[in-house]
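K.L.:
here's a sequence, model it:
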Amino acid sequence: MLRSIHTAATGMEAMQTKLDNIANNLANVNTTSYKRSTAKFHDLFYQNIREAGGQVGPDSVAPTGVQVGVGVKTASVHKEFEVGPIRMTNRPMDIAIRGDGFFTVENENSETLYTRDGNFQKGPNGTITTTHGYLLQPAITIPPDSVSVDVNPKGVVAATDQNGNRQEVGQINLVNFINPTGLKAIGGNLFQISDASGAPVQALPGENGMGALQGGALEGSNVNVVNEMVNMIQAQRAYEMNSKVMQAADGMMSTTNGVMR
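P.N.:
This is a model prediction of the structure:
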């Protein structure tokens with residue numbers, strides 16, 4: 001009975017973890033370039049009461065064993081990097097990635113970070129930055145007399161002055177990783193490299209598997225509200241069933257204690 005209570009408790013804990021991730025996904029359904037999180041589970045070790053093939057008589061062996069599982073554990077919680085819907089904003093400094101890849105930015109501590117959020121701004125000295133003020137790498141400076149800026153699918157940034165003179169002012173490169181799900185999310189639509197992600201591989205947009213860029217657009221969240229609601233109902237029902245198991249085990253223990261008395 002104690003074993004069943006512990007097993008059910010691990011199930012309730014696992015469903016709580018799943019529900020926590022669903023809640024975070026739904027909370028970020030309108031967050032630019034947000035990638036949904038998915039929780040995966042593994043069963044725990046088994047208690048071998050009798051080994052399969054063990055001797056059960058002078059001339060016979062057991063065709064099957066007796067194994068009793070002791071529950072479940074969270075194996076991983078990782079990001080799903082499917083491209084979200086692209087929505088037009090017609091704002092020149094908004095840039096969406098149509099496909100794989102990340103922008104490279106540098107924070108105030110000169111630390112390199114990665115993001116798919118292309119909601120860029122023009123800093124006080126003309127450099128392109130994120131909404132946090134982090135510099136896009138390699139750094140690109142927009143001339144002060146520019147009246148318009150555009151980015152082509154290959155990442156070439158061009159500025160036009162008031163006389164209609166157009167000049168290329170920089171090139172946006174993208175990076176990707178062997179295992180993007182190994183990146184560490186730190187909030188603010190930013191990711192850090194980790195031992196699991198592998199080293200960044202840089203390429204021009206539209207080349208070597210990188211997505212092309214689209215100016216005047218942003219990538220939306222890849223959260224599917226209907227799927228998350230279905231997952232939420234499944235997690236809730238599984239949580240309730242595990243709580244019923246605990247109640248049943250507790251009732252059986254009470255019955256046993258009553259017999260003993």
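K.L.:
in the longest helix along the chain, which residues are buried?
P.N.:
The residue-count maximum for a helix in the chain (DSSP state H) belongs to helix 225-260. Within helix 225-260, the residues that count as buried by 16 or more other C-beta atoms under 10 Å are 228, 231, 232, 235, 238, 239, 242, 245, 246, 249. Every C-beta, even on glycine, is put in place using the N, C-alpha and C of the backbone.
K.L.:
same question for stretch 165-178.
P.N.:
Those would be 169, 170, 172, 173, 174, 175, 176, 177, for stretch 165-178 by 16+ other C-beta under 10 Å.
K.L.:
just the closest of the residues you listed to residue 119, please.
P.N.:
residue 172 (14.1 Å; C-beta to C-beta).
K.L.:
could you report the distance from that closest one to residue 143?
P.N.:
17 Å (C-beta to C-beta, to the nearest Å).
K.L.:
in strands only, show me the buried residues of stretch 165-178.
P.N.:
169, 170, 174, 175, 176 (DSSP state E).
K.L.:
same list, these, but as a markdown table with pLDDT and distance to residue 185 please.
P.N.:
Formatted as a markdown table, those follow (pLDDT from 0 to 100; distance: C-beta to C-beta, whole Å):
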| residue | pLDDT | distance to residue 185 |
| --- | --- | --- |
| 169 | 95 | 31 |
| 170 | 95 | 28 |
| 174 | 98 | 19 |
| 175 | 98 | 16 |
| 176 | 97 | 16 |
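K.L.:
helices of the stretch 1-150 of the chain, start to end?
P.N.:
Applying DSSP state H, counting those that start in this stretch to the stretch 1-150 of the chain gives helices spanning 2-27.
K.L.:
pLDDT weak spots in it?
P.N.:
Within the stretch 1-150 of the chain, the segments meeting pLDDT under 70 span 1, 55-57.
K.L.:
repeat that for 90
P.N.:
1-6, 45-70, 92, 123-124, 145 (pLDDT under 90).
K.L.:
quick one: the residue nearest to the spatial centre of the chain from residue 251, how far?
P.N.:
The C-alpha lying nearest the average C-alpha coordinate of the chain belongs to residue 79 (C-alpha atoms, centre = their mean; 1.9 Å). Look at residue 79 and residue 251: by C-beta to C-beta, they are 42 Å apart.
K.L.:
and the buried residues of helix 225-260, which is closest to residue 191?
P.N.:
The nearest one, if we look at the buried residues of helix 225-260 relative to residue 191 and count by C-beta to C-beta, is residue 228, at 21.7 Å.
K.L.:
good, we can wrap up now.
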